[in-house]
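Engineer: Quick check, what structure comes out for this input:
(one chain, ligands or ions: 1)
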Amino acid sequence: MHRMKLLTRYASRFEIAATARPSIFLAAAGALCLWFSAAASVHAFPWSTDMFEGAAVQPLAVAPRVMPQGTLPINGIQKMDLEQMTLGMKNPLKETPENLAHGKELFMNICLPCHGENADGNGPVAHLLQHKPTNLRTGVSKNLPDGYIYGYIRNGGIWMPSYADAMSSDERWDVIMYVRSVQAKAAEEEKKVSSR
Ligand code: HEC
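Structural biologist: Predicted coordinates for the structure are as follows:
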């Protein structure tokens, strides 16, 4: 008897489920149709074939993109540490009036605030710094290799910030060329003074 009760309960439950089923199915089918018709009006459908039908850009079929403004060419020079640059890098540029003038302009814009207008280390913001900028005009700085100064501009120093993003490698060499010309002039002035 107990078993019978259970069976009838089970059957009645099934009946409810069976009558509910077609309407659930219809609702689901309706939703699916709606979704398909909406998707068909969107061009992305069927997305699974997009990659076959889209235009295929072949290698070198289009000219390389122009560098965005403000980006710096690295001229094939890989990242190096100060020692590598000191030992391995020499100024590849000729000392032309244009290069010198460009170097001067860059020095006046970027280095002057700290190192001073005549590179003696007394720039207008030098008094704000915890550590004094180096005198690049006279003294031991004259003996610094070009590659070392290049590396200092590129990577920065203990206190000096890196100016890697401020100028291209050619521009760094232009600045170094200008610093050398300032040092040469300062040395000549010293000679004149001492021979008086
Ligand atoms: C924000 C201030 C600041 C600016 C701008 C700056 N420097 Fe310096 N520079 C310093 C300070 C401070 C030192 C010394 C301490 C150190 O080693 O960082 C220094 C040191 C140097 C040295 C190392 C000298 C040595 O004896 O080792 C070189 C070379 C140099 N600067 C070149 C330049 C050049 C070239 C520029 C412009 C492209 C420049 N600096 C811009 C602050 C500056």
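Engineer: What residues does this structure have near the ligand?
Structural biologist: Residues of the chain found near the ligand (C-beta under 6 Å from any ligand atom) are 110-111, 113-115, 129, 131, 133-134, 136, 141, 144, 149, 152-153, 157-161, 163, 175, 179. Every C-beta, even on glycine, is put in place using the N, C-alpha and C of the backbone.
Engineer: Buried subset of these as a PyMOL selection?
Structural biologist: Restricted to buried positions by 16 or more other C-beta atoms under 10 Å, the PyMOL selection for these reads:
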select buried, resi 110+111+113+114+115+133+134+136+141+144+149+152+153+160+163+175+179
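Engineer: The residues of the chain next to the ligand in strands, which ones?
Structural biologist: If you go by DSSP state E, those have nothing in strands.
Engineer: Show me the residues of the chain next to the ligand that map onto helices.
Structural biologist: Counted as lying in helices by DSSP state H, out of the residues of the chain next to the ligand, are 113, 114, 115, 149, 152, 153, 175, 179.
Engineer: For the residues you listed, name the two members farthest from one another.
Structural biologist: Using C-beta to C-beta, these span at most 17.4 Å, a distance reached by 113 and 149.
Engineer: Domains in the chain, by residue range?
Structural biologist: 2-53, 82-195 (automatic domain parsing).
Engineer: hey, least reliable of these by pLDDT?
Structural biologist: Among the domains of the chain, domain 2-53 has the lowest mean pLDDT, at a mean of 60.
Engineer: where's residue 189 relative to the ligand, distance?
Structural biologist: For residue 189, the distance to the ligand (C-beta to the nearest ligand atom, to the nearest Å) stands at 21 Å.
Engineer: To what extent is residue 193 buried, counted in neighbours?
Structural biologist: For residue 193, the neighbour count with other C-beta atoms under 10 Å is 8.
Engineer: Tell me how many other residues surround residue 122.
Structural biologist: 16.
Engineer: I figured it was touching residue 116, is that so?
Structural biologist: Yes - with contact defined as C-beta atoms under 8 Å, residue 122 reaches residue 116; the gap is 4.5 Å.
Engineer: Which residue, neighbours along the chain excluded, lies closest to residue 158?
Structural biologist: Here the nearest residue to residue 158 in space, its sequence neighbours aside, is residue 131; by C-beta to C-beta, 6 or more residues apart in numbering that works out to 7.5 Å.
Engineer: so who does residue 138 touch?
Structural biologist: 120, 183, 186, 187, 190 (C-beta atoms under 8 Å, 6 or more residues apart in numbering).
Engineer: Can you name the two of the residues you listed that sit furthest apart?
Structural biologist: 120 and 187 (13.5 Å).
Engineer: Name the residue in the two with the higher neighbour count.
Structural biologist: Remark: of residue 120 and residue 187, residue 120 carries more neighbours, 18 against 13, as counted by other C-beta under 10 Å.
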